[in-house]
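> Only the shape, not the letters, is given here:
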């Protein structure tokens, strides 16, 4: 007997559906309560499906809403539905997939997919065969509805469909879909392509078996009059370019011609999909060869796509010049992610290197339109192509650029400035001759009357900051800085933001060049504090932090501290512990504390205390959540990470002065917990702090070493690069302190470190020998092995042969510094203990020694002894033969410095 609704119950459900469309919040609350009551009745869900599929007298929005409430119930508690209810819902869905209303068909499709994604594809084996069968229906609605449902299933469960779990249904489905590429209805052709497209990236076997038919069918649809079909064809070709370029190469010329047309499609969605093709092609090795002949057509198309559309200008309020007094709404502010501290070393010819495992986000030129659009895609494509073709791009671009950059229409001029910024990285060599003329023009554009021109000029100038800084300061740096600082105080929020970001980039490039202008710079940045709305304040913190990183201890002057610290501390006092705006402020203060060193002392106590409190609160909250997940919320651990990083900044900046603060707090106990946290970023920051505290106040760290070392050993796991890197560095710092703090009267300086060598050494040796280990980690590993060897040579030297070669190659590019000094002393002591360990790789040792510019006298003496000892050992003739293998530069260096 089929289920029938009770008339009174049905009226109640309909009334509820009507009420839930009311804008009144009190009514909405009542509806929520009523829903929770009705969910206690098992057959409430039968009423919902009944309204959706059978009550054709009701209006469509009410029926659809009934289906969406049912969908939410399925999501929340499908596993508790009685079997009869579940079966009734499934049967109704399949029987009504061809409802005459597109809205109802789509709602049923969503419902089917939701049931399927609850692990029910296995439990509903007849679903896919039924839907595929319904595709053959003469009735358009049934065919379209079934395809809509299948497309959603393919999107949600593509991996499951290509697995043995369901008996590989794709073997039937894909050939079936391909037949519909020729269907007379564009909507159905579009569904069919979209379904197949879900399986390209995963290289589903059933698709690979039919790949040629698929590609032929796509080509047959190239001229389709329906934009949705054209969009799906473009999307398919872009994905095929990634996974099956081999099948496209024979047709590449015609595909490129087709994509050139589509990138200019009147429908912007089609143009955007097509434009992705150039981005993907640029990553393929064959890009240069297949695209070179088409640049003359492609470049003008991309440049043309870089203009703001009319709708962009409306959305960006391009006609509003002054809006600085308008407060920001919350959705204006993108979530920020704190980048945890990674310890790196100084390199030859430059500052510390960023850990290669961390991708730097390129700042976009107009991120409030953060939706990907044709302008952004065209600019990104030009940027990657400039990196592929380098200066060969310029003959196609320069004639266009001249016209654009000096155009009277601001929209055109603005796009020209964007073009100039997009090619800055790839075509920098070829652009150099034009920069003396272009940079002053761009600096002039900073005063343009249109805000969107001023803001893009900021971005483009920041892309050429490296060149600007390489010229005499009065030529470009000074005028650029003067104008950028004025733009930081612009009346338009978008310009303020662009100027602040550009200035931060300029600071990174200019470093010490900024010192003469510090007073002027600080006046501007501090003035901006009183002027900025919420969102730009966060970017201002970054500009101040970057300034501190760039000029370092030059900031430690009473007049500068007097300007900078009061507004920062005022913000610090205004913000509550739960406020996420603390992140950028803490990051900023961390840089400032490191730069000011002793100048930060008057401010350090409250800052230190608050960081400890933040760590403590987060740990307590995590504990509560762990014990009662149903009663407490999981904490946002970013608060703890940022606080640990600021404590690192304090320890690094204040050095020994941090000792009293540590003595009066329970930071070591908290650190012990943080080092064992489940979240890698928390551990990463904990180990950085441990290393900094080891350097600053070792007596407080020493009593905990026996507990800390096993944890450090466990974290020498290169799967988490940055955690492993910081743990490695901390071990090195600890061993140096243990070596110097013990040894008084104990006879052996390494006695206290000895018990821990076994916990860490084999892991370190394994890491230094791993292929593809990032440079930063290799260098830190080599330094730490050297330091362990310096303190405990008897324990480490026996393994010399297993690490000497990668050890030498990873440290030859590091600048002379304390860390390199201690590591090389260690290697020399170990060679003394186990000279046989270095014999086979002695040339690498010679090369590493030659990388020193000014070793300390006693270290030079150690090198001299080892080199001459080796030469005496093998005899003149053998040494002669051996040194023949040296590159000329190495030979010359060793004979000048060490007389060998």
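Structure's in. What do you need? Owing to the predicted nature of the structure, the values given are computational and were not obtained by experimental measurement. Numbering: from 1, shown residues only.
> Strands of the protein, residue ranges please.
Under the criterion DSSP state E, the chain contains strands at 346-347, 350-352.
> least reliable of the ones you listed going by mean pLDDT?
Among the strands of the chain, strand 350-352 carries the lowest mean pLDDT, at a mean of 40.
> Show me where the stretch 801-900 of the chain has its helices.
Under the criterion DSSP state H, counting those that start in this stretch, the stretch 801-900 of the chain contains helices at 818-833, 842-850, 857-874, 876-884, 888-898.
> okay, those in JSON lines with distance to residue 578 next?
Where you see a C-beta, it was placed from the backbone N, CA and C, and this is true even at glycine. Below are those laid out as JSON lines (distance: least, CB to CB, whole Å):
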{"stretch": "helix 818-833", "distance to residue 578": "39"}
{"stretch": "helix 842-850", "distance to residue 578": "51"}
{"stretch": "helix 857-874", "distance to residue 578": "52"}
{"stretch": "helix 876-884", "distance to residue 578": "66"}
{"stretch": "helix 888-898", "distance to residue 578": "58"}
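> Tabulate those helices in CSV, adding columns for mean neighbour count, distance to residue 495 and mean pLDDT.
Formatted as CSV, those follow (neighbours: other CB atoms under 10 Å; distance: least, CB to CB, whole Å; pLDDT from 0 to 100):
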stretch, mean neighbour count, distance to residue 495, mean pLDDT
helix 818-833, 21, 43, 95
helix 842-850, 21, 51, 94
helix 857-874, 15, 53, 94
helix 876-884, 12, 62, 90
helix 888-898, 14, 50, 91
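> can you tell me which of these comes nearest to residue 445?
Of all the helices of the stretch 801-900 of the chain, it is helix 818-833 that lies closest to residue 445, at 45.3 Å by CB to CB.
> The closest one to helix 842-850, inter-axis angle?
Interaxial angle, helix 818-833 versus helix 842-850 (axes from the mean of the first three to the mean of the last three CA atoms, to 10 degrees): 140 degrees.
> from the middle of its chain, how far away would helix 818-833 be?
37 Å (CA atoms, centre = their mean, to the nearest Å).
> What is it packed up against?
helix 775-791, helix 793-796, helix 800-811, helix 842-850, helix 857-874 (3 or more CB pairs under 8 Å, 6 or more residues apart in numbering; DSSP states H and E).
> wait, which of those is closest to residue 202?
Nearest of the helices and strands packed on helix 818-833 to residue 202, taken as CB to CB: helix 775-791 at 31.9 Å.
> Return the set of buried residues in that closest one.
By neighbour count with 16 or more other CB atoms under 10 Å, helix 775-791 contains the buried residues 776-791.
> Could you do stretch 423-442 as well?
Using 16+ other CB under 10 Å as the test for burial, stretch 423-442 gives 423-424, 426-428, 430-431, 435, 438-439, 442.
> Throw the helices and strands packed on helix 818-833 into CSV and include distance to residue 518, thanks.
Shown next, in CSV, are the helices and strands packed on helix 818-833 (distance: least, CB to CB, whole Å):
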stretch, distance to residue 518
helix 775-791, 31
helix 793-796, 46
helix 800-811, 35
helix 842-850, 39
helix 857-874, 37
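> Out of the ones you listed, flag the one nearest residue 678.
Ranking the helices and strands packed on helix 818-833 by proximity to residue 678 (CB to CB) places helix 775-791 first, at 21.7 Å.
> quick check: mean pLDDT across the closest one?
Throughout helix 775-791, pLDDT has a mean value of 95.
> who does it touch, helix- and strand-wise?
Judged by 3+ CB pairs under 8 Å, 6+ apart, the packing partners of helix 775-791 are helix 721-741, helix 754-768, helix 793-796, helix 800-811, helix 818-833.
> which of the ones you listed sits most buried?
helix 721-741 (a mean of 25; mean count of other CB atoms under 10 Å).
> same question for that helix, mean pLDDT?
The average pLDDT for helix 721-741 rounds to 93.
> cool, and stretch 603-618?
Stretch 603-618 comes out at a mean pLDDT of 95.
> Which positions within it qualify as buried?
603-604, 607-608, 610-612, 614-618.
> export those residues to CSV and tack on distance to residue 694?
Shown next, in CSV, are these (distance: CB to CB, whole Å):
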residue, distance to residue 694
603, 24
604, 19
607, 21
608, 17
610, 23
611, 18
612, 18
614, 22
615, 18
616, 22
617, 25
618, 23
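> Give me the subset of those lying in helices.
Here DSSP state H is the test, and the buried residues of stretch 603-618 give 603-604, 607-608, 610-612, 614-618 as lying in helices.
> related to what we said a few turns ago, right, and the helices and strands packed on helix 775-791 - which one's nearest residue 176?
helix 721-741 (45.7 Å).
> how much does the closest one deviate in direction from helix 775-791?
Using the same axes, to 10 degrees: helix 721-741 against helix 775-791 is 20 degrees.
> for helix 721-741, packing partners?
Here helix 721-741 touches helix 680-696, helix 698-701, helix 705-714, helix 754-768, helix 775-791, going by 3+ CB pairs under 8 Å, 6+ apart.
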